[in-house]
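S.K.: A predicted structure for the sequence below; I have some questions about it.
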Amino acid sequence: MDYATLLQVLDSSIRLATPLLLACLAGLYSERAGVFDIGLEGKMLIAAMTSASVAAIYGSVWLGLVAGVLASMAFALIHGVASITFRGNQLISGVALNFVAAGITVLIAQHLFGQGGRTPSLEGAARFLPIDLPLAGAFASVPVVGTLYAEVISGHSLLVYAAALLVPLTAFVLYRTRYGLRLRAVGENPASVDTAGVSVRNLRYSAVLITGVLCGLAGVYLACALQAGFGRDMTAGRGYIALAALIFAKWRPWHALWACLLFGFFQALALRPDVVETVTFMKVPVPFLDALPYMLTVIVLAGLVGKAIPPRAGGEPYVKER
Amino acid sequence: DPAVIFDMGGKFDKSFNEAAYNGAEKWKAETGTAYKEFEIKDNAQREQVLRQFAEEGVNPVVMVGFMWGDVLGKIAPEYPDTKFAIIDMVVDAPNVKSVVFNEHEGSYLVGMMAALASKTGTVGFVGGMDIPLIRKFGCGYAQGAKAVNPDIKFISNMTGTTPEAWNDPVKGAELTKAQKAQGADVVFAAAGGTGMGVLQAAKDEGILSIGVDSNQNYIQPGSVLTSMLKRVDNAVYEALKEGENLTPGINVMGLANDGVGYAMDEHNAALVTPEMQATVDEAAAKIKSGEVVVHDYMADNTCPAAEF
Amino acid sequence: MADPAFAIELKGISKAFGPVQANKDINIAVPKGTIHGIIGENGAGKSTLMSILYGFYKADAGEIFINGRLTAIPDSQAAIRAGIGMVFQHFKLVQNFTVLENIILGAEDGPLLNTSLAKARKALADLSREYELDVDPDALVEDLSVGHQQRVEILKALYRQADILILDEPTGVLTPAEADHLFRILRGLKEQGKTVIIITHKLREIMEATDNVSVMRRGTMVGHVSTDETSPEALAEMMVGRKVLLHVDKGDAHAGETVLKVEDLRVRDDARVERLKGVSFELRAGEILGIAGVAGNGQSELLAALGGIQRATGKVTLKGADLPLSGAGANGRARRDAGIGHIPEDRQTLGLIMDFTAWENIAFGYHNEPKYQKNALVMDNAAIRADTEAKMATFDVRPPIPTLPAKSFSGGNQQKIVVAREMESDPDVLLIGQPTRGVDIGAIEFIHKQIIALRDAGKAILLVSVELDEIMSLSDRIAVMFDGRLMGFRDPASTNERELGLLMAGITGEAA
Amino acid sequence: MTKLPKWADLALVPIISLVLAALCAALVLLAIGQDPLAALAVMVNGALGSASGWGYTLYYATSFIFTGLAVTVAFHGGLFNIGGEGQALLGGLGVALACLFIPWPHWSLALIGAAVLGMAFGGAWAAVPAYLQAKRGSHIVITTIMFNYIAAALMVYLLVDFLRPPGSMDPASARFAAELSLPKFHDMPFLQDFLLKYDPEGAVKLTKDGLPQYQRVPANITFFIALACAYLVWLLMWHTRLGYEIRAFGKQEKAANYAGISSFKITMTAMMISGALSGLMAINNVMGQSERLLQNSAEGAGFIGIAVALMGRNHPVGVILAAVLFGFLYQGGAALGMNTTIPVELRTVLQGLVILFTGALNMMVAQMLGWFFRPRAQTRKGGA
Ligand SMILES: Nc1ncnc2c1ncn2[C@@H]1O[C@H](COP(=O)(O)OP(=O)(O)OP(=O)(O)O)[C@@H](O)[C@H]1O
Ligand SMILES: Nc1ncnc2c1ncn2[C@@H]1O[C@H](COP(=O)(O)OP(=O)(O)OP(=O)(O)O)[C@@H](O)[C@H]1O
Ligand SMILES: [Mg+2]
Ligand SMILES: [Mg+2]
């Protein structure tokens, strides 16, 4: 594989890692607060559909972004009501919302546009376009480093850079702020937060809503940046892979970045059977490549992570009185 | 009443199924008669919908897509009084009309067009599901390109091996970007809904794309060089027009009977010079006359111009 | 109405958990600057009452006066504002946080942690010095001993400038020496004008440390007395509602042959920390060997290893045959087959399946017994139900309804189900952990009698309990466990609480 | 919270959950400009209104009974098996291999052979996530989801590269031998009388040979096997030692060791039984209906099993009822697609809503009911 091809694959990896990263960070907030969320997938999907629809109708990607995030937050709120207020089973609530999202997105898109559950292609201001980072043009001629900067780092849409910035931001919030301290505590031992006079419910709702916002961004990115419009089931299991990445990262922000880049890289490879073939010197069946990110997930969960201990109170509703 | 049944991509795939839909709509507009329609969602429905339409007395039943072949082969003999038309597949039964296309001929023409437009000397092909039918497209395309420029580099990728490959725009876009990185500056998408991603990525990357089945020039105006037309619309229209008197047997639609072709309109007028058009039209005439024979991949599962 | 001389005055407090009326119309007044004791049997509602005062639970009815002012305490934040601090029976600490982080949680100074941490570090140093509460502010709580974790809880309250400190059974996890240290601290707090409320089961502590005592029974307040004017016997009578025999009637032991021989038994926990550091003893037929000790010194591991539910190393022989300590043969079922019964310390997570019915629980662990099978494939549920009815009658389980789920029984009756199951299985050796924890006094007498009867029937019994009284009155021999080791054997007739207390603190006779 | 009487908990809560789910779906329909009542009419008519509608409803229900039971068994063991879909796909492979490569003398023998292989393949596919959960602590929910994707890819690979007959473009195997075709309802005495075809005058339609004509439906003999499986699962869970151990383990994992229940053994067996039940589904759809192995043969039945199990309160009787309900939703949804402009995705929405209300918001429903069942005395002073 020559350097140019490598750059191309890396470029593609970053594009594909971004929705994973956003979803993974989304899951991080919720799970750190003790609310498991297997419904990242559904939230991304509803956000993708909503943002693409609004962007298509009003021609503004920013309106689409707001709408997509709000839609995702609405789903997050339902999950919150089910798992925080009504102490329902968090796994089941997540699975259910994934179903609802898978169906309702198609119903609405079909109703709005009559194109078989797709939105029209987004163009111009209805879409996030790649932006060139400063000096990308100037560096492009510098061998190795310059081309890396110009080809791989530069030229992505705004949301890619936003996702990247969210990593240090999340690390800061989690480890250096009052909110982060309480968030981590409520996921470990909600009673400690409660007896310290802080509302467990409010904390968890806030975390679940942040999850909604970030999943929303992931969905918006899929529909309005990576692609130009919504198509049915366009998330294609990314929500689950993001969860696996979260476990791989042991619920830590920086590790989440590396995990998502790794998964993104494997997804990019799955798109390039030709590259895999030249590197491995054999014809790898395409289904195998398609399954690669999922197999990697299993391998990571089974072996590589070591013991990944989730936040101790995770998955359990906080029950004071039985 | 007649009925039209679409395959999994749905009637708004902007490509194959949509062409069928357009043909049916044209017939409806002309005759003022309604037709029944159905979009398949799971495989158990195939038998169900055929039976139900046949029982209801729908005639003829027109279905698009090779995936219908197996079920139709089983059902057609059970309803000898109902006429069926199937597109893209041959089903041998006395009450079935099978319409197939010479996609390799149309692809040959757009292949020439691609080679003529290419500045890099590299053209790309993004197929949908990896089946002989799609290789037939690719092989015709490669032959056309080589006819213009024997040294041209031909890159081909298939999206997948399942029907999902018809509807994976993300992968379509990534494959296009990869092909561009390998030098391609014209990419032909023969991939149903996946083609949307190809056309989009080509536009984003500033290269040319070629649409398929329907006229897709309008989708990314100024970036779609042309579209390989496969007149599924005509086939459906004809079948509906024949109505209950549908003539059974195999109907091959090629260049000679306007079954395939390439699209010119205001959206790609600026991209295609009169000289290019003349060259392609000349080749078309030769194919029609039999002077040039384009190899059909499905005839022997080999391709003289490309490897898949 | 309320008297400002009282730091706390509760009027008409009621609280129900579903069908359980935990507090019924409770009144209590605590004068400022005193140490006030609350006693009562398990489940009397002490913790509930204090949790209401701390805003952890909301009362169904009643009023709270702090320093004479009617104060609404909807949540713990309000309680903290009112100057109340509480150390719960089960600590409310975040295990993987540092001490400092635990201290500031909920009492941060601003949105960023840096300043809060710096301020807390300084304040903590002052507090530690002032009250002799030494802890490393940067240690992770999970690495601290229970005693140190308790200090963190106290510091947490003091950092929040609590004037009123509530401690819920603070000495259950402490050695006598640590307990003495705690009471010194509490007296210091009192001298500074702070008010302390302490819940405990230990009448000795009440007599030594408190100014006044309130006694609760079954959700009601029985009465208040000044400590000077009462005695342990009087308090016990108030607690239970009748005269209590504080000792058990039993005849002499007729110890027979050695049934169980344990040599150099060692257990490591999941974190590879050695929790049992080479324990050896012999247990003979017809005797009760009591293991005393502060919770957390390896008693759990000893029972778990012998009961087959924890991997161990060493050598254990039962009537001459080796017992596997790890691998396939080390599980509860294999032990039962070999003749070892086990009443686990924690009936709710180990001994019973709380969602199962009583009859399903009677078969728990014995579900493979031939008498419970109809044929090779199908179990004989009717037979199990009949058996359950019989056992419920013998052990006076109330209500005697086999189809009721275990969780619907009270703690004492849950315990009777476990005891019935394990005793009636006629084991050669019975491992008993905390047989009367959470059990009311009537049931305690009954269970004690059963244990004695079993001994007299020639069974070998290993009894683990944190209640020294229980150990002293039931055992034929006593061993004290400290830090994963047995500190030598004592004869109950010739030892006393003081000696055992020292052993529990790891101090052997010679050194004391 | 007031404790509900048992009948209310078992019957009323699911029914109210269902009604709430339906109301939400109705809102969705209104929002997209459709008439919910008309839609309901089409669904009822399409799924129950005709003999063939029933035939399809019961065909789908058969699949859902299997997957619902599969989820139920695992759920009792405290394991949330979302991998029914993949296990059913693999089961399909087993069934197809049995039917394609073994020359069975009679369909009944083939059915036994196919069932065994289907169960073996489905069980084996569930065994891997079970092993990883038991030995490595990998979260079974995520691994089973991953195994669904991997199963789908594996099936594509095998179908395209090995099982696809030469010259075919379908990613599907060859047709099974005609003799292996399972008896359908229209082939069975008595049952077929419900499937007679009538001409407009109301007389029975006859074939050229003068025999009555029947509606052809995909519901087949497997339906009865599914019912038998429900009985066996009931027997297993509540009358055998293994079932006892599975339930005990599922309720209180920590206590299992105390009773000598091996967590490894239970995790493995519960998951493998679960996988085997999912795999067994393939005798319905692969052998009974399509009579060849198609790509994506399970078509979501594995996921619907989750809803069916939740709705059926993880009891075989409930599972059967819920499976019929979902069979109705499925066939009714197809009727919507055929007769209205409402997309079939409505049934996915309904499914999700049913799972949400029965599985996650059940406390809400129970709480609502609690107000009604509150003892009178308490209601009076409730205001205080
Ligand atoms: N969170 C809760 N939910 C339901 N019931 C509870 C809860 N907490 C306590 N109870 C019940 O209320 C009653 C009083 O319990 P409480 O903990 O106040 O007793 P206690 O006097 O502190 O006993 P102990 O000496 O065992 O600590 C008991 O019957 C108990 O089972
Ligand atoms: N060396 C230690 N390091 C860290 N924590 C300890 C240590 N010793 C005891 N603990 C704490 O004490 C708790 C109880 O320990 P253990 O299970 O051994 O108790 P036990 O004596 O058997 O009594 P009980 O079952 O009544 O708690 C542990 O969970 C742990 O938090
Ligand atoms: Mg208490
Ligand atoms: Mg312990």
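M.R.: Received the coordinates, thanks. Ligands and ions are numbered 1, 2, ... in the order given.

S.K.: now the helices for the stretch 101-250 of chain A?
M.R.: A:136-139, A:145-147, A:158-176, A:178-188, A:190-195, A:200-221, A:238-248 (DSSP state H, counting those that start in this stretch).

S.K.: can I get the ones you listed in TSV including mean neighbour count and mean pLDDT?
M.R.: (Each C-beta comes from the backbone N, C-alpha and C, glycine too.) Formatted as TSV, the helices of the stretch 101-250 of chain A follow (neighbours: other C-beta atoms under 10 Å in any protein chain shown; pLDDT from 0 to 100):
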stretch	mean neighbour count	mean pLDDT
helix A:136-139	14	77
helix A:145-147	13	81
helix A:158-176	17	96
helix A:178-188	24	96
helix A:190-195	26	92
helix A:200-221	26	97
helix A:238-248	27	89
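
S.K.: output the lowest mean pLDDT helix or strand found in chain A.
M.R.: Counting by mean pLDDT, DSSP states H and E, chain A has its least confident helix or strand at helix A:136-139, which shows a mean of 77.

S.K.: tell me which other helices or strands that one touches.
M.R.: In terms of contacts (3 or more C-beta pairs under 8 Å, 6 or more residues apart in numbering or on different chains; DSSP states H and E), helix A:136-139 is packed against helix A:145-147.

S.K.: my guess is residue A:123 contacts residue A:229. True?
M.R.: No - in this structure, residue A:123 is not within contact of residue A:229 by C-beta atoms under 8 Å, at 9.5 Å.

S.K.: do you know the pLDDT at the closest residue to chain B within the stretch 51-200 of chain A?
M.R.: With C-beta to the nearest C-beta as the measure, residue A:116 is the residue of the stretch 51-200 of chain A nearest to chain B, at 3.6 Å. At residue A:116, the model reports a pLDDT of 80.

S.K.: repeat for residue D:46
M.R.: Looking at residue D:46, its pLDDT stands at 88.

S.K.: swap in residue A:291?
M.R.: pLDDT, residue A:291: 87.

S.K.: roughly how far does it sit from chain D?
M.R.: 4 Å (C-beta to the nearest C-beta, to the nearest Å).

S.K.: where does the chain have low pLDDT?
M.R.: No chain in the question, so chain A it is. Along chain A, the model assigns pLDDT under 70 to residues A:1, A:304-307, A:321-322.

S.K.: do the same with chain D
M.R.: For chain D (pLDDT under 70), the answer is D:1-3, D:374-384.

S.K.: domain map for it?
M.R.: D:1-34+D:351-384, D:61-199+D:211-323 (automatic domain parsing).

S.K.: which among the helices of the stretch 101-250 of chain A is found nearest to residue C:232?
M.R.: helix A:190-195 (32.3 Å; C-beta to C-beta).

S.K.: so what does that closest one touch, helix or strand wise?
M.R.: helix A:178-188, helix A:200-221.

S.K.: just the helices in the stretch 1-150 of chain D please.
M.R.: D:6-7, D:13-31, D:36-48, D:51-76, D:84-101, D:107-131, D:140-158.

S.K.: what packs against the shortest one?
M.R.: Spelled out, that is helix D:6-7. Contacting helix D:6-7 under the criterion 3+ C-beta pairs under 8 Å, 6+ apart is no other helix or strand.

S.K.: one more: the last one?
M.R.: Other elements packing on helix D:140-158 under the criterion 3+ C-beta pairs under 8 Å, 6+ apart are helix A:238-248, helix A:286-299, helix D:84-101, helix D:107-131.

S.K.: same check on the longest one?
M.R.: Applying 3+ C-beta pairs under 8 Å, 6+ apart, we find helix D:51-76 packed against helix B:44-56, helix D:36-48, helix D:84-101, helix D:222-239, helix D:241-251, helix D:263-280, helix D:301-311, helix D:316-339.

S.K.: so what's the gap between it and the chain middle?
M.R.: 4 Å (C-alpha atoms, centre = their mean, to the nearest Å).

S.K.: still on that earlier bit, can you add distance to residue C:211 and mean neighbour count and give the domains of chain D back as CSV?
M.R.: Listed next are the domains of chain D as CSV, based on distance: least, C-beta to C-beta, whole Å; neighbours: other C-beta atoms under 10 Å in any protein chain shown:
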stretch, distance to residue C:211, mean neighbour count
domain D:1-34+D:351-384, 36, 17
domain D:61-199+D:211-323, 43, 23
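
S.K.: any idea how far whichever residue of the stretch 151-300 of chain C sits closest to chain A is from residue C:469?
M.R.: The stretch 151-300 of chain C approaches chain A most closely through residue C:156 (7.9 Å), counting by C-beta to the nearest C-beta. In this structure, residue C:156 lies at 32 Å from residue C:469, with C-beta to C-beta, to the nearest Å as the measure.

S.K.: same thing with residue B:161?
M.R.: Residue B:161 is 76 Å from residue C:469, by C-beta to C-beta.

S.K.: neighbour-wise, which of the two wins?
M.R.: More crowded of residue B:161 and residue C:469, by other C-beta atoms under 10 Å in any protein chain shown: residue B:161, with 23 against 15.

S.K.: got the contact list for that one?
M.R.: Going by C-beta atoms under 8 Å, 6 or more residues apart in numbering or on different chains, residue B:161 touches A:286, A:287, B:129, B:130, D:156, D:157, D:160, D:171.

S.K.: same check, this time on residue A:175
M.R.: Neighbours of residue A:175 in contact, by C-beta under 8 Å, 6+ apart: residue C:113.

S.K.: what residues sit buried inside stretch C:30-39?
M.R.: Neighbour counts using 16 or more other C-beta atoms under 10 Å in any protein chain shown place C:30, C:32, C:33, C:34, C:35, C:36, C:37, C:38, C:39 of stretch C:30-39 among the buried residues.

S.K.: mind putting the residues you listed in CSV, secondary structure included?
M.R.: Below are these laid out as CSV (DSSP: H, G, I helix; E, B strand; the rest coil):
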residue, secondary structure
C:30, strand
C:32, coil
C:33, coil
C:34, coil
C:35, strand
C:36, strand
C:37, strand
C:38, strand
C:39, strand
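
S.K.: out of those, who's near chain B?
M.R.: With the criterion set as C-beta under 8 Å from any C-beta of the partner chain, no member of the buried residues of stretch C:30-39 is near chain B.

S.K.: how about the residues you listed in a markdown table, adding pLDDT and distance to chain A?
M.R.: Below are the buried residues of stretch C:30-39 laid out as a markdown table (pLDDT from 0 to 100; distance: C-beta to the nearest C-beta, whole Å):
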| residue | pLDDT | distance to chain A |
| --- | --- | --- |
| C:30 | 94 | 20 |
| C:32 | 92 | 23 |
| C:33 | 92 | 25 |
| C:34 | 94 | 24 |
| C:35 | 95 | 22 |
| C:36 | 96 | 21 |
| C:37 | 94 | 22 |
| C:38 | 93 | 19 |
| C:39 | 88 | 23 |
